[in-house]
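>>> 3D, please:
(chains A and B)
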Amino acid sequence: GAVVSQHPSWVICKSGTSVKIECRSLDFQATTMFWYRQFPKQSLMLMATSNEGSKATYEQGVEKDKFLINHASLTLSTLTVTSAHPEDSSFYICSASYPGQGSGELFFGEGSRLTVL
Amino acid sequence: AQSVSQHNHHVILSEAASLELGCNYSYGGTVNLFWYVQYPGQHLQLLLKYFSGDPLVKGIKGFEAEFIKSKFSFNLRKPSVQWSDTAEYFCAVVKAAGNKLTFGGGTRVLVKP
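Numbers count the residues shown, from 1 in each chain, chains lettered A, B, ... in the order given. Here you go, the predicted structure:
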């Protein structure tokens, strides 16, 4: 099946710094990628939809200046957590839809665990 | 906005037991329905899906799910589980014309050998 990869798998940073997480579709081109956040023992919450070549669409309550998303190519979307604080500590997961697949059928990255000290 | 609820947060059962995980959604329009699974240390992956047609769908590893439109349900079943079915299972829904997948809270399943 299609492969989506995230990097880094885990990152620890100091409060106030910015952290970039990359999401790559390794063997297909993804015009749309999705970024989710998962709190401990909770479900995945959609943060934003990343569209290649255009601005991301953020879900209600997600600060777009806090979580910068860039989808500069058909195989790469990045999520930058700016001025990170401890409450931003979470598990971030990206996903992409394979061209021609039905709506909602996604391939997921392995996730990136962010810990802000 | 649509929402998805899964009935159980944790399920513990022995090998060869039958498994049924409940899932209900709230949205009156046409939806696509999914069960995703996350095995320990692995990516979330598709277990099975329903778009249209036969409401009883079969997925990988012997899993099946039944869409009951009148009950807004999409329950997952497996007649006889194996230790390797230990995982977290997520029900998910998307509007048929949309692209935003909404997940249920997940059910952690532990199969004892």
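>>> Mind exporting the C-alpha coordinates of stretch A:13-32 to CSV?
These are the backbone C-alpha positions of stretch A:13-32, laid out as CSV (Å, rounded to 0.1, in the frame of the first residue of the first chain):
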residue,chain,number,x,y,z
CYS,A,13,12.0,21.2,22.8
LYS,A,14,12.1,24.1,25.2
SER,A,15,9.2,26.3,25.7
GLY,A,16,9.2,29.2,23.3
THR,A,17,11.0,27.5,20.5
SER,A,18,9.5,26.4,17.2
VAL,A,19,9.3,22.8,15.9
LYS,A,20,8.8,21.6,12.4
ILE,A,21,7.3,18.2,11.6
GLU,A,22,7.5,16.8,8.0
CYS,A,23,5.0,14.6,6.4
ARG,A,24,5.9,12.9,3.1
SER,A,25,4.0,10.7,0.7
LEU,A,26,6.8,8.3,-0.4
ASP,A,27,5.3,6.6,-3.4
PHE,A,28,2.5,8.8,-4.5
GLN,A,29,1.5,12.4,-5.0
ALA,A,30,-0.9,13.8,-2.5
THR,A,31,-2.7,17.0,-3.4
THR,A,32,-4.3,16.9,0.0
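>>> residue furthest from the geometric center of chain A?
residue A:100 (21.6 Å; C-alpha atoms, centre = their mean).
>>> Need the three-state assignment for that residue.
Here residue A:100 is recorded as coil under DSSP: H, G, I helix; E, B strand; the rest coil.
>>> What is the neighbour count of the residue in chain A positioned nearest to chain B?
Using C-beta to the nearest C-beta, the closest approach of chain A to chain B is made by residue A:104 at 3.4 Å. No exception for glycine: its C-beta is placed from N, CA and C like everyone else's. Neighbour count for residue A:104, taken as other C-beta atoms under 10 Å in any protein chain shown: 24.
>>> For it, give me the pLDDT.
The score at residue A:104 is 83. That number is its pLDDT.
>>> Confirm it sits in a strand?
No - under the criterion used here (three-state DSSP), residue A:104 is coil, not part of a strand.
>>> for the residue sitting nearest the centre point of chain A, which residues make a bridge with it?
A centroid search over chain A (C-alpha atoms, centre = their mean) returns residue A:35, at 3.5 Å, as the residue closest to the centre. Residue A:35 forms beta bridges with residue A:48, residue A:94, as assigned by DSSP bridges.
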